[in-house]
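Peer 1: Provided below for reference: sequence and predicted model.
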Amino acid sequence: MLFTLITDYKGGTYISQIQAETANHALESSKKSIGKLLNTTLDSDNDIVVAISGTSGVWGAATVDLDNNLVSIHIVQTEML
């Protein structure tokens, strides 16, 4: 499945896509590339992916960088065209 990750960090919005089996796998597989994009390291021990109530194929996750700045990530299951 294709997932689109919309990441909010320090006032900026960053968008990436990845092939993965689940939203959890999409986030885990994207952490290093998101960290490089944001020029930081993400704390991989504190993130939890949760389904967004009232939607289908949309999840949210939050983690922090090593300075405890919030990194908000929305994960959307995306149909390939």
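Peer 2: Everything's here; your move. Numbers count the residues shown, from 1 in each chain.
Peer 1: count of neighbours near Phe3?
Peer 2: 23 (other CB atoms under 10 Å). For every residue, glycine as well, the C-beta is placed using N, CA and C.
Peer 1: name the element it belongs to?
Peer 2: Of the helices and strands defined by DSSP states H and E, Phe3 is found in strand 2-9.
Peer 1: look at the spatially most central residue of the chain and report its pLDDT.
Peer 2: Nearest to the mean C-alpha position of the chain, counting by CA atoms, centre = their mean, stands Ile73 at 3.9 Å. As summarised for this prediction, Ile73 has a pLDDT of 92.
Peer 1: ok, now which ones touch it?
Peer 2: Leu5, Ile6, Thr7, Asp8, Leu27, Ile34, Gly60, Ala61, Ala62, Thr63 (CB atoms under 8 Å, 6 or more residues apart in numbering).
Peer 1: please apply the same query to Gln17.
Peer 2: Residues counted as contacts of Gln17 (CB under 8 Å, 6+ apart) are Leu2, Phe3, Thr4, Leu5, Thr78.
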